[in-house]
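Visitor: for reference, the sequence and a predicted model appear below.
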There are 2 protein chains.
Amino acid sequence: MENKILNKLKNSLDYLSGESISSDLNISRSAIWKHIKSLKNKGYIIEGKSNKGYKLISCPDILSAQELIPLLKTNNLIKDIKHFYELSSTNHSAKELARGEINNGTLIIAEKQLCGKGRFDREWISPSSGIWFSLILKPNLPPMEASKVTQIAAAAIYKSLLEFDIKVNIKWPNDIYLNGKKICGILTEMKCDMDRIHYLILGVGINVNLEIDDIPDEIKDIATSLKIELNKSFKRSDILVKFLNHFEILYNKFVLQKDISEVLSICRENSNIINKKAKLITYNKEEIVTCLSLTDTGELLVKDSDGKEKLITSGEISFRI
Amino acid sequence: MENKILNKLKNSLDYLSGESISSDLNISRSAIWKHIKSLKNKGYIIEGKSNKGYKLISCPDILSAQELIPLLKTNNLIKDIKHFYELSSTNHSAKELARGEINNGTLIIAEKQLCGKGRFDREWISPSSGIWFSLILKPNLPPMEASKVTQIAAAAIYKSLLEFDIKVNIKWPNDIYLNGKKICGILTEMKCDMDRIHYLILGVGINVNLEIDDIPDEIKDIATSLKIELNKSFKRSDILVKFLNHFEILYNKFVLQKDISEVLSICRENSNIINKKAKLITYNKEEIVTCLSLTDTGELLVKDSDGKEKLITSGEISFRI
């Protein structure tokens, strides 16, 4: 009902009388008043005049279903949106949810993460000015294809930000850089057997409107936000919606048609590691390599210090040699 | 305490008086009587004579911690044994347990599975005469190495049964055959991110003493048991313990020294698919191939109907062309 009232307010240029809302939606005037109060608590600025009714002055920049659904152009990617003001981490909540019979296409969004995590359990600072979400997916894929979903997300981030004239780089396999500093990370987790993915959780964090003070001193040289770099704020829902729209197209192309070519082109052409010397950290060793190229199956081809070329399926590239 | 009493009985060749048990273990005669009754309920045959005391006549063939621990020669693989008379499936229970802070090295055993599962959710008939268990492992490995744990288990099964002069074949990647029929299946599941396995569940089912009537008619031509093939019963705890001993050695060699050579030799030399024409079923297609060899990284090299060679990381081989 709250949603219906909000939609009526959004679609009205002028004041909307309590009486007309009441008769259109068949609810009492006091019920309307309660819903208006709840909307105001969420940050909607609604003017109420006794002789005219209610008028929506402005919507908060929150990533609720109410705000996102009218903007989404996805066909079938998003089945359910669960929005929270605070979570320990969206991936953690997604895992909790995925244990039950949770739908493919459930999107979990937090305004703020209390214990956001990056790869290797590293802390990810997540104040309320960023975009922090996890998407539960159940693709009919074997587990070794899961890392491609990370690259699809990276390409979708690239395409979304390009719509705001922001050109980012992709640091294989899961980080997005702007002006040489990280602005976005992707953490993909899954449960599977050797034949099939049972569920996959795509966790994404984008440093949108974080201020310089939001970034801890010890990572100020490697992490940044869109606002810090571009000196302006962005409406987070616009970015998230653009991401979901792009992601759906690229994801469906991969899952349904096995076509990952556009994704790999984007990741390749906008990579910030190709032809660079870097430290490659894999689960059992660290070594200095030269990154050569991204293969057609999404692996990284590197040359080690002995000049030997090898394909890397998973690992971390660090420029801190 | 029950365990202590059982051990005393096991170590005594003659009758053990209630008085001596009572004073050695510092418990009352009525407490002893209760524990003896509980042991009898589990299938231990214990003779009690009023003037002599208790004597252990025979132990049941159950896979309880009480029976397994004295036989185990593993160093650090098994940290905890959870034994159940009935479970829906041991992999299912392992997943439930692994959600909490469950130890690496927890072994879950069921005398009987009510809903045992093989690959692709296929039913696995699991009456109380087989060995059905799941082992929770937390190796420091990236997810793409998980399928090797299946092959380690297959090699360990091979080595264990060879100790009983039973020579089985391995059908890549997860089935064990005897005389052309399946006697054992392995189902490996995991939770992971792209860098690390969070936990891995190794599920194994061995058709040990199943009678011909235990095997449903529709699979009688493809499934069998040790008893059906060899016309004798086996002590299940002996087989399980030998498996765990062999598995630990091969698993540690892989996880600690990255040495999988013995495992792959066993899987290669005892494969029943090499040089055979078969149907290869992968997640998105089925095709007729000729199986050529098992690579040094555990993939299957096949030749398709166009004569093109390719490496298969996961899939199912079916002889029902």
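Guide: Arrived safely.

Visitor: care to break chain A down by domain?
Guide: A:2-58, A:65-269, A:277-318 (automatic domain parsing).

Visitor: looks like residue A:147 contacts residue A:189 (just checking).
Guide: No. When contacts are counted by Cβ atoms under 8 Å, residue A:147 is not listed as touching residue A:189 (11.6 Å). In short, each C-beta sits where N, CA and C put it, glycine included.

Visitor: residues in contact with the closest residue in space to residue A:76 that isn't next to it in sequence?
Guide: Leaving aside its chain neighbours, residue A:76 sits nearest to residue A:105 (7.2 Å; criterion: Cβ to Cβ, 6 or more residues apart in numbering or on different chains). The contact partners of residue A:105, taken as Cβ atoms under 8 Å, 6 or more residues apart in numbering or on different chains, are A:76, A:77, A:78, A:79, A:80, A:135, A:136, A:137.

Visitor: report the two of those residues separated the most.
Guide: Pairwise distances among those were taken by Cβ to Cβ; the largest, 14.0 Å, belongs to A:76 and A:136.

Visitor: neighbour count winner among the two?
Guide: Using other Cβ atoms under 10 Å in any protein chain shown as the criterion, residue A:76 and residue A:136 rank with residue A:136 on top: 22 against 9.

Visitor: let's verify the more buried one: helix, strand, or coil?
Guide: The assignment at residue A:136 comes out as strand when based on DSSP: H, G, I helix; E, B strand; the rest coil.

Visitor: residues touching it, list them.
Guide: Residues in contact with residue A:136 (Cβ under 8 Å, 6+ apart) are A:94, A:97-98, A:102-108, A:199-201.

Visitor: now it: how far from residue B:194?
Guide: Note on residue A:136: its distance to residue B:194, by Cβ to Cβ, to the nearest Å, is 16 Å.

Visitor: same check, this time on residue A:52
Guide: Relative to residue B:194, residue A:52 is positioned 56 Å away (Cβ to Cβ).

Visitor: the two: who's more crowded?
Guide: Remark: of residue A:52 and residue B:194, residue B:194 carries more neighbours, 22 against 13, as counted by other Cβ under 10 Å.

Visitor: which strands or helices does the top helix by length along chain A pack on?
Guide: If you go by DSSP state H, chain A has its longest helix at helix A:236-257. Counting contacts by 3 or more Cβ pairs under 8 Å, 6 or more residues apart in numbering or on different chains; DSSP states H and E, helix A:236-257 is packed against helix A:65-68, strand A:131-137, helix A:146-162, helix A:261-269.

Visitor: in the stretch 1-150 of chain A, what residue spans correspond to strands?
Guide: Secondary structure of the stretch 1-150 of chain A by DSSP state E, counting those that start in this stretch: the strands cover A:45-49, A:53-58, A:80-84, A:106-110, A:131-137.

Visitor: looking at the domains of chain A, which is buried most?
Guide: domain A:65-269 (a mean of 19; mean count of other Cβ atoms under 10 Å in any protein chain shown).

Visitor: check the offset of that one from the chain's centre.
Guide: Offset of domain A:65-269 from its chain centre (Cα atoms, centre = their mean, to the nearest Å): 3 Å.

Visitor: what's the first-to-last distance across stretch A:112-132?
Guide: Stretch A:112-132 has an end-to-end distance of 7 Å (Cα to Cα, to the nearest Å).

Visitor: contacts (any at all) between chain B and it?
Guide: Yes. Stretch A:112-132 is in contact with chain B by Cβ under 8 Å from any Cβ of the partner chain, via A:119, A:120.
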